[in-house]
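Colleague: I would like the atomic coordinates for the input below:
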Amino acid sequence: MPSSRVFSQERWRLLGTINLSLAYFCELVLVVCFAISVSKNKFSWFLPTVIYNGDCGTSRNISLYLHLLINVLSTAILASSNFFMQVLGAPSREEIDKAHGWLRSLDIGVQSLTNLRHISWFKLISWILFFVSSIPIHIFFNSVIFQTEYLGTDWNLTIATEAFTLGAPFFPPGASLVQAGTSSLETVSDWSYEGPAYVDFVPSEEYFNASSTISNRIRYAARYSHEWDKLDAKKCQEEYNWCTPRTEYEDLVVVVDTGATRPDGWTRSEVFGFEPSSNISSIWDSRVPPSSTNSLWFSAQCKTSRDSRYSDDTCINSCWGGLGHARNSTGMRAEIQEPWILSLFDITNLSPELGFNNQFNQLHVSHCLARRSSRCKVMVANLWLLVVIASIFVKASQATFVVWKLPATSLITPGDAIESFISRQDPQTRGLCTMDIKDSQQLEYGFRDKWTYNTASQLKTKTSGRRLRKAASSLSSALTSSTWLRAYITFGVGLSLLAVALTFICPGCDGIKISFSFDHWKAASYVQLNLDYFSATLIANLPQLILSSCYFSYNSLLTRLHVEKEWNAFGSEHKPLRVSAPKGEQISTYRLQLPYAYSVPLIITSAILHWIASSAVFLWVVEGGFFSYEENWNYQLQEVFHVSEDSIISVGYSTGYVILLLVACVVLIMMPPVIFGHMKPKYRMTSGGVSSLVISAACHPSARAQTKQENYLPEYRSETNDDENCGQSLVSHADVEEGSEPDLPLAQRKLRWGVIEPPPSIADRVASDGCHEILHLGFGSVEDDVREPKDDEYYA
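Modeller: Numbering: from 1, shown residues only. Predicted coordinates for the structure are as follows:
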């Protein structure tokens, strides 16, 4: 097909070419992104690539904006696919004639599954390719970008004076002489772990080994803690007292008042009254001198975690006792203390020979210094990006073939169908000018008698007139009940699946506790899946498929309502036909059917809903070891996702976003078609503008118009192949303006539907009862003196 034809005749081809250009541009951008991503990952297209590693707030923003962009692109691709699928689903006149031979109606101007049984193999296979290639995009596109949450479990607790943070001298393990992992000083020469009070056991030698982990942590806190964030006592307790993962802050220095004569620390002799000659004194003298000021009271490596097998209140905080609470470290929610008093020792269990000074067992907390730390990642799943690139390439290639090779015989708009049926009337609907959508449905699905030898005697050769039905009460009445049912079943199933997703998101979940939150780690903390990479991605993106199905149903429903509105407008005044290739007084638009005032907000709404869905149910990757399991059940996923061994990978959900999605779907999907459908048609006209039978029945013009059509001079016809144009008379708009042929055939003029003179083919077949004049309804021009039908008139 020459390129001039794409740009000069059928406007949908020009819009299709614009869609193609954008698709190929999107394809090019994604290929470049894929090449860059793979090059940064040692050219491995299977493993993900880290594109950001740092602050969790920044990573969330990056993920949010990238997913918003992805959902805009995927929605645009969906709309483009719907465009080409609607073009491919549009029947030709030959396909309509075959269907009418069986009294089957095809849909005009809308996306229709009914038409697929009647269109050519080329169009059917192309339609299937567009449909199938959309599935990978909606399953995998949102998972191309995924974020790893960092929910830390390990942190260091240091209890010290303000002087400790400013460089004052200190002696590990601190003035309390308590090492991590012990709750007693009874056997200080050979400490052993006796309970969960103070975290994992640390041998005493580690405190005095300058290269040990605990020594390095204490020195790090002493050197840098003055640069950390200052938290008041209440904020500090809220952050560290209970089972909160270490997302924003990790290591903590609790600054306390000494309660001694010196504010910068304690001396060992003040805290403990060892006999100088005792064995205990000889052990500590070289490590914590009795008269030297020690700015450090206590230090330990802590662990905060939650076992996902149990309820939300089951928490493990190994530094519970070190923060001034009861020694039980699990299953408790600490209350905020005002003032905050730390008590490290259980006085009743201390040996009198230690000589502990009880005034130091209650230390008043001044404030805290917390080390800010965020270690979240944003990653690109190269495998899924490659799948998306391949799917878009299939779409773009097929769309190119459709734009350039699809024959110009499809009746894409209702105007195309009206022009075709006026130019060449359909004998199957002759004399059925009052046919509406209900009659069409009755012909298709009503009970039919079997043909017998007696049937011939019952057949009539004359057509009887009948009255026109009363005006439709609303636009929705022009749609069949099955159309509404199919659409709202799709909506209902989608909403139901979203509603139960919180509790039945997958087989094998050990329980999901629902809490209203927009924070991913809070909402998804109890979902665990023993799935492979593909299954986890598939489940996380099921809502995208559901929304895509709803989009197709919603678009089809809204388009049918608008077709009916456009069809009904012909009952008011003379209007030009809106066709694919305008001639004479006809007009054309680049859109197929739905006006941009409807289609653009619909696309924007779809993009927003897809984005909300991507935040409601998502691929959830958590590093930091906050959630604990008995076994490493997702080791395979850890390798595939390129994350650390302490991570978990699952399907997460945000209850806040799920509720928001449900409300948005009800408000933006369920309600608008009902509201629009309740609009009352302005004019009296047969309903069913999407039905080819209804359109055909209204396109039997008057005798004057038919005579004019038959006598139209052939030298003014276009040289275009008649077969391609279904026998339509083709006169360019330029010819009319130059005055070469001002008298146009009916199909190229402004038309109005109403009472017109019956054509001879109908007038000769009408059976009159002698009481009523039998009139005719159809499209006519100004010369036909078209008027509105009346209730007491009969038509055929």
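Colleague: Residue 421 is in contact with residue 693, isn't it?
Modeller: No: using C-beta atoms under 8 Å, residue 421 is not in contact with residue 693; the gap is 10.4 Å. For every residue, glycine as well, the C-beta is placed using N, CA and C.
Colleague: mind listing what the nearest residue to residue 781 once chain neighbours are set aside touches?
Modeller: Spatial nearest neighbour of residue 781, chain neighbours left out: residue 749 (4.7 Å); criterion: C-beta to C-beta, 6 or more residues apart in numbering. Applying C-beta atoms under 8 Å, 6 or more residues apart in numbering to residue 749 gives the contacts 576, 584, 585, 781, 782.
Colleague: so how far is residue 744 from the second one?
Modeller: Going back to what we said before, that points to residue 584. 4 Å (C-beta to C-beta, to the nearest Å).
Colleague: Give me the residues contacting stretch 600-609.
Modeller: 71-72, 74-76, 78-79, 547, 551, 554-555, 558, 594, 661, 664-665, 668-669.
Colleague: how about a cut-off of 7 Å?
Modeller: 71-72, 75-76, 79, 547, 551, 555, 558, 661, 664-665, 668 (C-beta atoms under 7 Å, 6 or more residues apart in numbering).
Colleague: Name the nearest of those residues relative to residue 651.
Modeller: Residue 651 lies nearest to residue 661 out of the contacts of stretch 600-609, by C-beta to C-beta, at 15.4 Å.
Colleague: can you tell me the helix or strand for that closest one?
Modeller: Here residue 661, judged by DSSP states H and E, is contained in helix 655-665.
Colleague: for the very next helix or strand once past that helix, packing partners?
Modeller: For helix 655-665, the following helix or strand on the C-terminal side (DSSP H and E) is helix 671-677. Other elements packing on helix 671-677 under the criterion 3 or more C-beta pairs under 7 Å, 6 or more residues apart in numbering; DSSP states H and E are helix 542-568.
Colleague: mind listing what's buried in whatever helix or strand comes next after the helix it packs on?
Modeller: The helix or strand immediately downstream of helix 542-568 is helix 596-616, counting by DSSP H and E. Within helix 596-616, the residues that count as buried by 16 or more other C-beta atoms under 10 Å are 598-599, 602-603, 605-616.
Colleague: try stretch 755-763
Modeller: 755, 756, 757, 758, 759, 762.
Colleague: Let me have the residues you listed in TSV, extended by pLDDT, distance to residue 541 and secondary structure.
Modeller: TSV is the format used below for the buried residues of stretch 755-763 (pLDDT from 0 to 100; distance: C-beta to C-beta, whole Å; DSSP: H, G, I helix; E, B strand; the rest coil):
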residue	pLDDT	distance to residue 541	secondary structure
755	88	56	strand
756	86	55	strand
757	84	60	coil
758	83	59	coil
759	82	57	coil
762	73	57	helix
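Colleague: Surely residue 365 is within a helix?
Modeller: No: under DSSP: H, G, I helix; E, B strand; the rest coil, residue 365 falls outside any helix and is assigned strand.
Colleague: The residue nearest to it when sequence neighbours are not counted - how many residues pack around it?
Modeller: Excluding the flanking residues, the one nearest residue 365 by C-beta to C-beta, 6+ apart is residue 340, at 4.0 Å. Residue neighbour count, defined by other C-beta atoms under 10 Å, stands at 22 for residue 340.
Colleague: is it true that residue 340 touches residue 232?
Modeller: No: counting by C-beta atoms under 7 Å, residue 232 is not a contact partner of residue 340; they are 9.6 Å apart.
Colleague: Just name whatever secondary elements whichever strand or helix holds residue 30 is in contact with.
Modeller: Using DSSP H and E, residue 30 falls within helix 11-39. Where contact means 3+ C-beta pairs under 7 Å, 6+ apart, helix 11-39 is packed against helix 3-8, helix 56-89, helix 382-405.
Colleague: The same query, at a cut-off of 8 Å, please.
Modeller: Packing contacts for helix 11-39, counted by 3 or more C-beta pairs under 8 Å, 6 or more residues apart in numbering; DSSP states H and E, involve helix 3-8, strand 49-54, helix 56-89, helix 382-405.
Colleague: closest to residue 265 out of the ones you listed?
Modeller: Closest of the helices and strands packed on helix 11-39 to residue 265 is helix 56-89, at 35.7 Å (criterion: C-beta to C-beta).
Colleague: Which neighbouring elements make contact with that closest one?
Modeller: Using 3+ C-beta pairs under 8 Å, 6+ apart, helix 56-89 sits against helix 11-39, strand 49-54, helix 121-140, strand 145-150, strand 376-380, helix 382-405, helix 542-568, helix 596-616.
Colleague: follow-up on the earlier one: how about the helices and strands packed on helix 11-39, which one is nearest residue 113?
Modeller: helix 56-89 (8.0 Å).
Colleague: average pLDDT across that closest one?
Modeller: For helix 56-89, mean pLDDT is 87.
Colleague: any idea of the angle that helix forms with helix 382-405?
Modeller: With axes from the mean of the first three to the mean of the last three C-alpha atoms, to 10 degrees defining the directions, helix 56-89 sits at 30 degrees from helix 382-405.
Colleague: and for the very next helix or strand once past helix 56-89, what are the contacting residues?
Modeller: Downstream of helix 56-89, the first helix or strand assigned by DSSP H and E is helix 93-101. Contact with helix 93-101 is made by 91, 105-106, 118-120, 409, 411, 417, 420, 424, 426, 428-429, 692-693, 696, 726, as judged by C-beta under 8 Å, 6+ apart.
Colleague: try 7 Å
Modeller: 106, 118, 119, 409, 411, 420, 426, 428, 692, 693, 696, 726.
Colleague: for stretch 162-175, same thing?
Modeller: By C-beta under 7 Å, 6+ apart, stretch 162-175 touches 179, 207, 215, 218, 222, 225-226, 253, 255, 264-266, 268, 271, 287-288, 292-299, 369.
Colleague: contacting residues around the residue most central in space within the chain?
Modeller: Central residue of the chain (C-alpha atoms, centre = their mean): residue 610, 2.0 Å from the mean position. Under the criterion of C-beta under 7 Å, 6+ apart, the contact list for residue 610 reads 71, 74, 75, 544, 547.
Colleague: Repeat that for residue 107.
Modeller: Applying C-beta under 7 Å, 6+ apart, the residues contacting residue 107 are 114, 115, 690.
Colleague: Backbone dihedrals for the residue nearest to residue 365, please?
Modeller: The phi/psi pair for residue 340 (degrees, to the nearest 10) reads phi -90, psi 120.
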